[in-house]
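>>> how does the following fold in three dimensions:
(2 chains)
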Amino acid sequence: GIQVEQSPPDLILQEGANSTLRCNFSDSVNNLQWFHQNPWGQLINLFYIPSGTKQNGRLSATTVATERYSLLYISSSQTTDSGVYFCAESELIFGAGTRLAVHP
Amino acid sequence: GAVVSQHPSWVICKSGTSVKIECRSLDFQATTMFWYRQFPKQSLMLMATSNEGSKATYEQGVEKDKFLINHASLTLSTLTVTSAHPEDSSFYICSARTERGLNGYTFGSGTRLTVV
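Residues are numbered from 1 along each chain as shown, chains lettered A, B, ... in the order given. The predicted model follows:
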């Protein structure tokens, strides 16, 4: 099956910094999603992005399907951005996640 | 927006007993719901896909007789962990596709199960 790899596994930022999270997949994906899980376990669907670029406030995502990767950009990070970011092929296959801690 | 309510948020049970977890879509109809298990500091693993009015589809390696799923209405899916053992202790999460289909998923807040 498809393998989904995320990097970096852990990231520590100072509030206000920018960051880029990466998701590589081993085969073609059709329904790439980005999710955020807050420190209390609640998951939120950030983007459905099989290709192209989308932006939502301080977050944006780009998927280059032909090269089998997707990037999540966080600008002007805030402490509330802390948690784990997962990419996934629809609801089926989740990456291991990037654990982000934003310090004030 | 679409809300999925999951209960209980945490439960402690004795080994050998059964635990039921409920997942309700509050303001939309969810014909399909998904159940996940998440061990500490690990990713989500899809356990099964719950379809209203029909049998659930289980992922490979998930025992259907141990993890009973019922989706009897368009707003309620339940997961029953039968004869629970300590190794079943985990964080269980449900989700549903919103009316936007693949463009959106809504998650329950999760249930932390501890089997002692």
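
>>> could you find the closest non-adjacent residue to the closest residue to chain A within chain B?
In chain B, the residue that lies nearest chain A is B:F107 (4.0 Å; Cβ to the nearest Cβ). In this view, the C-beta of every residue, glycine as well, is placed from N, C-alpha and C. Of all residues not flanking B:F107 in the chain, A:L43 sits nearest, at 4.0 Å (Cβ to Cβ, 6 or more residues apart in numbering or on different chains).

>>> quickly list what whatever residue of chain A ends up closest to chain B is bridged to.
Evaluated by Cβ to the nearest Cβ, chain A has A:L43 as its residue closest to chain B, separated by 4.0 Å. Assessed by DSSP bridges, A:L43 has beta-bridge partners A:Q37.

>>> surely it touches B:I93?
Yes: assessed by Cβ atoms under 8 Å, A:L43 is found in contact with B:I93 at 6.6 Å.

>>> for chain A, what lies in contact range of chain B?
A:31, A:33, A:35, A:40-45, A:48, A:86, A:88, A:90-97, A:99 (Cβ under 8 Å from any Cβ of the partner chain).

>>> list only buried entries from those.
The neighbour-count criterion (16 or more other Cβ atoms under 10 Å in any protein chain shown) marks A:33, A:35, A:41, A:43, A:45, A:48, A:86, A:88, A:90-91, A:93-97, A:99 among these as buried.

>>> chain A contacts on chain B?
By Cβ under 8 Å from any Cβ, the residues of chain B that approach chain A are B:34, B:38, B:41-46, B:49, B:91, B:93, B:95, B:97, B:102-107, B:109-110, B:112.

>>> just those: which are in strands?
B:34, B:38, B:44-46, B:49, B:91, B:93, B:95, B:97, B:102-107, B:112 (DSSP state E).

>>> list the contacts of residue 97.
Because you didn't say which chain, this covers chain A. Residues in contact with A:G97 (Cβ atoms under 8 Å, 6 or more residues apart in numbering or on different chains) are A:6, A:9, A:37, A:84-86, B:43.

>>> switch to chain B, that's the one I care about
By Cβ under 8 Å, 6+ apart, the neighbours of B:R97 are A:91, B:30, B:32, B:104-105.

>>> try 6 Å
Contacts for B:R97 (Cβ atoms under 6 Å, 6 or more residues apart in numbering or on different chains) come out as B:32, B:105.

>>> got a list of contacts for stretch A:17-34?
A:2-7, A:13, A:46-50, A:61, A:63, A:68-75, A:77, A:85, A:87-90, A:95, A:98, B:102.

>>> what's the closest non-adjacent residue to B:K14?
B:V116 is the one closest to B:K14 (Cβ to Cβ, 6+ apart), at 6.2 Å.

>>> and that neighbour, how many neighbours?
9 (other Cβ atoms under 10 Å in any protein chain shown).

>>> with B:K41 instead?
Neighbour number of B:K41 under other Cβ under 10 Å is 9.

>>> now do B:E59
Using other Cβ under 10 Å, B:E59 has 13 neighbouring residues.

>>> which residues sit in contact with the residue nearest to it when sequence neighbours are not counted?
Closest residue to B:E59 in three dimensions, ignoring its sequence neighbours and counting by Cβ to Cβ, 6+ apart: B:L46, at 5.4 Å. By Cβ under 6 Å, 6+ apart, the contact list for B:L46 reads A:92, B:36, B:59.
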